[in-house]
Structures are given as structure tokens and as C-alpha cells.
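A.B. asks: Take a look and give me a structure for this.
(2 chains)
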Amino acid sequence: MSVLGFSEARHLVSRTGFSTEWNEVNRASKLSSDQVINSLLQQNNRRTPAVPTLSSWARTKGLANNPARRKMVKRTARQEGQRLQTWWIKHLLTTRTPFLEHMTLFWHNHFPSSISKTKQAHFLYQQNTLFRQQALGNFGVLLRAVAKDPAMLLYLDGYSNTKEKPNENFSHEILELFTLGRGHYTQSDIQNAARAFTGWTINSQGKFTMDTTQHDTGVKTFLGQKGRFNGDDIINILLKHPRTAETIAEKMWLEFINTTQPNKSTIKQWAGVFRNSNYSIKQLLRAVLTSKAFWSQHNRGALIKSPIHLAVGTLRTLPYKLPRQGIEHHLNILGQGVFQHPSVNGWAGGKNWITTQSILLRASLLNNISGARLNPYGDIARQLPKASGERLQQWLLATKPLNSIDLTQEKQRLVHQLILDPAYQVY
Amino acid sequence: MNRRHFLKYSSLISTVGALPQIAFGAGKNQRQNKVLVLVELKGGNDGFNSLVPYDDPLYYDYRGALALPKRNLIQLEKGRGLAPSLKAIAPLWNAGEMAWIEGVGYPQGILSHFRSLNIWETASNANQVLHNGWLSKVLPQYKKGLHGIALNTGEIRLGPLDSTNLNSVTMRNPYSFLKQSQYIADIPLSRQTSAIKHLTDKQHQLHDLGRQIKERMGKTASGSPYASRFTKGKLAHSLTSVTDMILSGVDAPVYKVTQSGFDTHANQLDAQNNALFQLAHGLNTFASIMKQNNRWNDVLVVTYSEFGRRVKVNKSGGTDHGTASAQMVLGGNVRGGIYGKHPNFNNLDANENVHHTTDFRSVYGSIAQQWWRQSNPWKPYGTLPFLK
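C.D. replies: Numbering: from 1, shown residues only, chains lettered A, B, ... in the order given. Here you go, the predicted model:
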């Protein structure tokens, strides 16, 4: 079996993780693509940095029910949301299993639940653990768990979905965003699904519970089927629908291949693999990472780095020091605060990351990270790989630089110029 | 095309190599002067205490201690008076250059700041999430190049100018923008991948905006000649920048500025007075400078706010999130008067909020059709005759 070599290894490492760590690229370059992909798919590190202190559900509820202290809910949520951001960013910066974290982030964005709405950081932590657990696991299991996840029950109002007052928020989004996609259901499907999910709520211990007194036991008509459905039945029907696998396959294309609309036949094929494996995320990812499209030269430099890819990736790849105030603030300003999605649609991603405004902010972020104030002259050069200027360019950029860059100049300055080249924004 | 333009044009071709049509200032023959200044009243402005319906007895019943006495109001017409804190702009009413639109909102008003602002800025329905600002449906047809500048006061948001098909940018002021953008090099456009094409297009636009500001504002680049005319404060600072850019010929058809301090859940009188005072002084200074420079006829100032306030005063001497509100329009080409319809205080919804009488998209449609002479993307909502 032939080995990958530097540039193909670089491609695989950069697309699956957040960056192109020199040692990782060099290690992978001596292996075959199957060997590297196998080991990526086996990443299974559940250990994270120490979890910050977060209020229990009982405390949040206690505050919310006390008119004199109600304002504390918001303040506490804001503080704990920041702690949670710091916690995850620290993990993203240091983890030895970046592919697992990349996929955790992928599900975090497929199933958003922001702190601003939920105001319960502990639930968000639990949800994050769920995403990490199923990141390379099973989508059916994940979807069922998300539907009963306390953070999601708060975020999309399932918590207050009762037979007298059905709330359609969760039903709407599970159809539009989590499974079928727009155009494959009707308003009546949403209403009937909402009835089926009535009574799914959170008990005083902060766990999912089915409140039978609030459940609508009547007959529902959903996607052409009729029955006394409950929420589990609705999810079963959705998992049998061919669109569910296609929706996820389409997202995989945008995540791993290209910002342009996916090729229909590729999506059909990947969706087939996904359904036939009973929604094994590993099997779907194997299909993606071994596809022709993934390795095609046309798709190099075809993805735009998210703010996390840009900031976390740079700090993982190069020996720059982490700014003292961290990077969470930068990520919030750039629109990718974790646990802080702008809406249930999640981060739109792709080309949306680049606007005339964000170009300035992204450049100033990179200037900040790589600035001489934090990184005294000489320090960086000493820690950089001993390699030619040409190799450093191949290492840091997925495509040729757009500026003309003198590859023979001093290394610290060269690296600085390479990361400020627009080609560094793509991968 | 005069010689200076020609030189600029040809130097662009030689450095960029291709595609001059996306460059700023390239659409030479369609010099578009009509400027819209959007003023976001952040937090949800209480329209009933801005344009006061003093002839509605229920106003005094509902508002109690918060009601503004008739004798203190600046009398306009049709039983409406201006809050005393807006006194500074009263001369514009007398000149026939001020219009108010009453009852502006949308069906099933949302009471969340974030969501409702998003609805206003994308012209969506209450139950619909759109991603592109409403101006994206009008400006690309109106002109090429630069579409808008949002002056920010810390929070970086393009709001109604946020869209992939708009060339818009936010900045604190043009001077700091120039400093930041000097590090942005012009780069060759590349079509290697769709992502790279997008990236190089945007960076090129940014570079050209920096160059345009530098060229046109060269003389004032060290500071504004108008700064001393304005009072202190964030809105005044933003309006100084807008003044400088308009008068130096920066060709943005839209500027967005923000006055905050309208989320008046408690002790509303002082808080709203202060915010409206800043607004009135800032806009009056802006209007008089535009008049002195013969640009007031090219400028339209329109306020918007995510929602209005509850009709009834709350227990803390404030008002909670509401629905419809009154919006103000100023400009040399404005047909002064009061438009829309005062909401019926006798008919409140389940949250004790008024029902809107005038859809906010009829304001947008009027601007599209009567200000920029473009087709109206919001035809079903009709238009209002507040422009000459």
C-alpha cells in the first residue's frame, strides 16, 4: 500500500482536525490513507479539562421562581456560559483527538442550544458530552438522545409543550433542520408532531421525563401515516425517511469537501451508505474521507476556515503563545462563540465567514496571535520545524499564496507573511 | 469620463488585471446620490412617548405617571405632540421636513429583542428566519460598488446591510478604519476555487473602500472639521463620521447609526428623555450641516426600533416590551406630516399590546420605490406618501 507523502497527509490532517500539526502531518505522511483514516475513526478520548462549577437545575429554577432574584438567572448564565466557552476552547487547543472534537463541534452546530436562550450551562455541558460520546457513533441514537436532552428541551420549548398548549418549535426544527429539510413536510406534519411530543419535559432533578398528564394520546397524522404516535414514533418515521440521511450527507459535503452545492449522485451514494449501516457515523465518514471528491485536486483550498479553525488551528500549528485574555472574545466577535449560536440555524459557515468586515477582524486576530509583543523575536524561529521555506509554505497553505512571498527570508517573518496571506484563510 | 477618472480606471486595470466592473467607483455613469441614513433606536423605543397621542384619553389612563402632559408637548397636528426631549428637531417639522409614521409593526409581534430586530432587519415574517438584510433586495440593482457603512459603537453588526450580495462594512469611524485597512493588501482576483474567488472578491472590495476613503477624505483624514458642531456621545460621534463621508463624496447609499438606551423597563422618563435628547440634537446638527452644503435634499433619515413598548406603565415606572411603534422620517425631500394610523388602545392583544396598523415593509417599499426609484420587493404591503 502506498504511503501518503507530505502534501496528501497535510490535506487529510487539515480537513479532519483543525490544523496541520507538523508532527501529525509527518507521521501520517509515512502511512497509507486507509491506515490514517482507520486511526482517525477510532479516536475516542472522552477526557476533557476540569469542568467549571456550573449551577444545578434546582438552583436555576429556584432563582427563576423567586421574583427578587430572577435577574440572577441571566447574570449567572452569562458568567457560566463564558466559563463553559473557556473550558471547551482550552480542550480544542490541547486535545490529542482533534477529529473527535471537530465532529463534536459539527453536532454542536447541527443541534444548537445557546446559553442565551437555555440559561442553563450545566445542561449545555451535558449536551456537549453527549455530542462527544456520539460524535463518531450512531445518528439514530444521537437524534433520540437530543430529543430528550434537557438543554434542547429548553432551547426549542419542548419543556413547555403540553396537550392544552402544544408548542411547535421543536417539531418545526427537527423536520426543517435536523432531518428532512425544507420542502419535505407540511405545516400539518409539524402540528401533529408537536402533539406527539407533548409531555416530554424535565423533572426537578434536571432529567428527562414523560409527563403523561400532559401527553396528547389522540390519533396523529404524520407524513402520511396515522396512529396514536408519541415522540419516539415520530423519530422512527423520520429515521425511515430517505431525506434524513441526505440532509446529513449534504452537511458532510459542506464540512469536508467544498463550499459549493454538493453533487447529487455523491449525496445519494453517501446517504445510501449511511442508511444501510443503520446510521453509523463512522461508516458515513469513511465514505466521505475515501471519496474521489475528498481527494480531488479541484477541491483543495475549497473550504473557508471557520473562526475556530483559524484561531485554534493557528495556535495548534505554530508555537505562538496564547494571548492572556484567551481567544473566546475574538471568536464571539467573529460570530462563532461556542454555546452561543446566533439562532437555531447554527452558524451558516462557508462563504458567510468572509465579509468585508470579517476580513479586517480575521487579519487583526492573526496579527494579534502572531504579534511580536507576545512572541519575542527569535523565540518562534527556534521552535519552528527545521525545513526549507518551500516546505513551510506547503505546510501552512493548501494552495499557492496569493501575495508574492520571498521564501528565502528569515523564518519567523516568513511564517508571519504566510499566515497573513489570503490563501491561509482556505483549506 | 474625465481624465482623473480615466487614470484611476486604467491604473486599476493594470494592477488588478481583470474584472473592473466590481471595483468601487467603476459604475461611473450612474452617479447615485440618494443617501439613506438608518437610525436604530436600540432596545425598543416607546413611540407613544415620542410622538404623543394626546387626544387619546386612554393614553393618560394607561400611562399614569409616565404620561407626558399636553401642555409640555410641542404641538404638531391631528392631536399629536412631540416629546419635549425632541425639541431640538422641532424646526424640521415647521420646515415640512419631518414625517412620522404611526402604528408600524408586523403581525404576531415578537417580544424578544434579538428575534424582533432580526425580523425588522431582514423584512421577514414573525415565524420566518431570513439571513439577508432587507437592503439586499434593493441596493444591488440600484448601484454597483459600495452599498453601505454601519457605524458601530462597539457591537459589530451590519444589520440590514448584512448580506453576501452587498458590499458593506462596519467601522467605528473612517479614521480608525483607514488605519486598520492599510494592512489589507490588494490582491489579484483568483477563481481557483469558489471559496478563493469569494475571498479575493471581498478583499478587493475592502481594499478599494479603503482607497476610496483615503482619496476622498484625504484632506480631513486627521480628524473631522465638523466634530465641534456635534454634542458629545456615541450617536454624535457616528453622525460626525457620516457627515464627513457624505460631504467628502464617499459613495455609500446607506449609513447606519445607533442610539441606545431605549429598553426602559424601569424609571423610563429620565432614560428615554436622555436618549431622545441625544437623538434630536445629533440629527438636528446633521440636518443643518447637510443644508449648508446643499445635500439635505439627497438625504433621507429613517428611524427603526425592534419594537415599541407596552401601553400600560409597569410597577417600576417603566414599560415592558411592546409591538407597534411610531417611526420618524427626516429629509429635504420628505413630505412633512403624520402617516400610518394610531393603534386602537381599546383593542389590545393577549399580552396587552396594541395591534399594528402599518406594516414596516410598507416603509421599506416606499424607500425602494420613491427614494431609489427601484422596483418594490414588498408590493403587497403598499407604500406611504411621505416622500415628495
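A.B. asks: Report the contact partners of the nearest residue to B:Val254 once chain neighbours are set aside.
C.D. replies: Excluding its sequence neighbours, the residue lying closest to B:Val254 (Cβ to Cβ, 6 or more residues apart in numbering or on different chains) is B:Gly148, at 3.6 Å. The way it works is simple: take the backbone N, C-alpha and C, and place the C-beta from them, glycine included. Each residue near B:Gly148 by Cβ atoms under 8 Å, 6 or more residues apart in numbering or on different chains is listed here: B:135, B:139, B:158, B:161, B:166-169, B:252-256.
A.B. asks: May I have stretch B:226-236 exported as CSV, CA atoms only?
C.D. replies: Only the C-alpha atoms of stretch B:226-236 are listed here, as CSV (Å, rounded to 0.1, in the frame of the first residue of the first chain):
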residue,chain,number,x,y,z
TYR,B,226,-17.4,69.1,11.9
ALA,B,227,-16.7,67.4,15.2
SER,B,228,-17.1,70.6,17.1
ARG,B,229,-20.6,71.2,15.8
PHE,B,230,-21.9,68.0,17.4
THR,B,231,-22.5,67.3,21.1
LYS,B,232,-20.6,64.5,22.8
GLY,B,233,-21.9,60.9,22.8
LYS,B,234,-21.8,57.8,20.6
LEU,B,235,-24.5,58.8,18.2
ALA,B,236,-23.0,62.2,17.7
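A.B. asks: Quick check: of the contacts of B:Gly148, which has the highest neighbour count?
C.D. replies: When neighbours are taken as other Cβ atoms under 10 Å in any protein chain shown, the top entry among the contacts of B:Gly148 is B:Leu135 (32 neighbours).
A.B. asks: Please name the residues that touch that one.
C.D. replies: B:Leu135 touches B:147-148, B:160-161, B:163, B:166, B:254, counting by Cβ under 8 Å, 6+ apart.
A.B. asks: let's go with 6 Å and repeat that
C.D. replies: B:160-161 (Cβ atoms under 6 Å, 6 or more residues apart in numbering or on different chains).
A.B. asks: looking at it, A:Asp122 is touching A:Leu54, isn't it?
C.D. replies: No, residue A:122 isn't Asp; it's His. Yes - taking Cβ atoms under 6 Å as the definition, A:His122 is a contact partner of A:Leu54 at 4.1 Å.
A.B. asks: Please name the nearest non-neighbouring residue to B:Leu300.
C.D. replies: Here the residue nearest B:Leu300, using Cβ to Cβ, 6+ apart, is B:Gly331, at 4.2 Å.
A.B. asks: do A:Ala193 as well
C.D. replies: A:Ser171 is the one closest to A:Ala193 (Cβ to Cβ, 6+ apart), at 3.8 Å.
A.B. asks: circling back to that earlier point, how many neighbours does the residue nearest to B:Leu300 have?
C.D. replies: Neighbours of B:Gly331 (other Cβ under 10 Å): 28.
A.B. asks: just checking, what packs against the longest helix seen in chain A?
C.D. replies: Looking across chain A with DSSP state H, the single longest helix is helix A:71-94. Counting contacts by 3 or more Cβ pairs under 6 Å, 6 or more residues apart in numbering or on different chains; DSSP states H and E, helix A:71-94 packs against helix A:57-64, helix A:121-134, helix A:307-317, helix A:328-333.
A.B. asks: again, 8 Å this time
C.D. replies: helix A:57-64, helix A:98-110, helix A:115-118, helix A:121-134, helix A:307-317, helix A:328-333 (3 or more Cβ pairs under 8 Å, 6 or more residues apart in numbering or on different chains; DSSP states H and E).
A.B. asks: Tell me the buried residues in the third one?
C.D. replies: Put plainly, it is helix A:115-118. Residues of helix A:115-118 classed as buried: A:115-118 (neighbour count, 16 or more other Cβ atoms under 10 Å in any protein chain shown).
A.B. asks: So which bits of the stretch 201-350 of chain B are right by chain A?
C.D. replies: B:202-203, B:205-206, B:209 (Cβ under 8 Å from any Cβ of the partner chain).
A.B. asks: Tell me who's in contact with B:Ser190.
C.D. replies: Contacts of B:Ser190 (Cβ under 8 Å, 6+ apart): A:402, B:196-197, B:200.
A.B. asks: so what pLDDT did it get?
C.D. replies: Listed pLDDT for B:Ser190 reads 92.
A.B. asks: picking that back up, what residues are up against the residue nearest to B:Leu300?
C.D. replies: B:97, B:296-297, B:299-301, B:387.
A.B. asks: Looking at those residues, spot the one nearest A:Leu130.
C.D. replies: B:Val301 (50.1 Å; Cβ to Cβ).
A.B. asks: Just the pLDDT at A:Asn45, thanks.
C.D. replies: Note on A:Asn45: pLDDT of 87.
A.B. asks: a strand runs through it, doesn't it?
C.D. replies: No - counting by DSSP: H, G, I helix; E, B strand; the rest coil, A:Asn45 is not found in a strand; it is coil.
A.B. asks: Ignoring the adjacent residues along the chain, who's closest to it?
C.D. replies: Spatial nearest neighbour of A:Asn45, excluding adjacent residues (Cβ to Cβ, 6+ apart): A:Thr97 at 4.1 Å.
A.B. asks: Could you check how far that neighbour is from chain B?
C.D. replies: 27 Å (Cβ to the nearest Cβ, to the nearest Å).
A.B. asks: Among the contacts of B:Gly331, which pair sits farthest apart?
C.D. replies: Most distant of those, by Cβ to Cβ, are B:Trp296 and B:Leu387, 13.7 Å apart.
A.B. asks: Which one's more surrounded, these two?
C.D. replies: B:Trp296 (23 against 17).
A.B. asks: ok, which stretches of chain B are strands?
C.D. replies: Along chain B, counting by DSSP state E, strands occupy B:35-41, B:51-52, B:74-75, B:81-82, B:98-105, B:148-151, B:168-171, B:254-259, B:299-304, B:325-331, B:337-340, B:358-359.
A.B. asks: Go through those and name the closest to A:Leu156.
C.D. replies: Closest of these to A:Leu156 is strand B:98-105, at 25.4 Å (criterion: Cβ to Cβ).
A.B. asks: residues contacting residue 126?
C.D. replies: No chain specified, so I'll use chain A. Contacts of A:Gln126 by Cβ under 8 Å, 6+ apart are A:149-151.
A.B. asks: Correction: the question concerned chain B.
C.D. replies: Counting by Cβ under 8 Å, 6+ apart, B:Ala126 has contacts B:106-110, B:119.
A.B. asks: which one of the residues you listed sits closest to chain A?
C.D. replies: Nearest to chain A out of these is B:Ile119 (Cβ to the nearest Cβ; 11.8 Å).
A.B. asks: Assess the claim that that closest one and B:Gly105 are in contact.
C.D. replies: No - in this structure, B:Ile119 is not within contact of B:Gly105 by Cβ atoms under 8 Å, at 9.8 Å.
A.B. asks: Give me the more crowded residue out of these two.
C.D. replies: Taking other Cβ under 10 Å, B:Ile119 and B:Gly105 do not tie; B:Gly105 has more neighbours (28 against 24).
A.B. asks: Next one: the residue in the stretch 101-250 of chain A that chain B sits nearest to from A:Ser343, what distance?
C.D. replies: Per Cβ to the nearest Cβ, A:Ser116 is where the stretch 101-250 of chain A lies closest to chain B, at 7.6 Å. Going from A:Ser116 to A:Ser343 by Cβ to Cβ, to the nearest Å gives 10 Å.
A.B. asks: which residues in the stretch 301-427 of chain A form helices?
C.D. replies: A:307-317, A:328-333, A:356-370, A:379-383, A:389-396, A:411-420 (DSSP state H, counting those that start in this stretch).
A.B. asks: For the stretch 51-200 of chain B, which residues are neighbours of chain A?
C.D. replies: Within the stretch 51-200 of chain B, the residues that sit near chain A (Cβ under 8 Å from any Cβ) are B:114, B:118, B:129, B:131, B:156, B:158, B:162, B:164, B:167-170, B:180-181, B:183-185, B:187-188, B:190, B:192-196, B:198-200.
A.B. asks: Helices along the stretch 201-350 of chain B, start to end?
C.D. replies: B:234-247, B:268-292.
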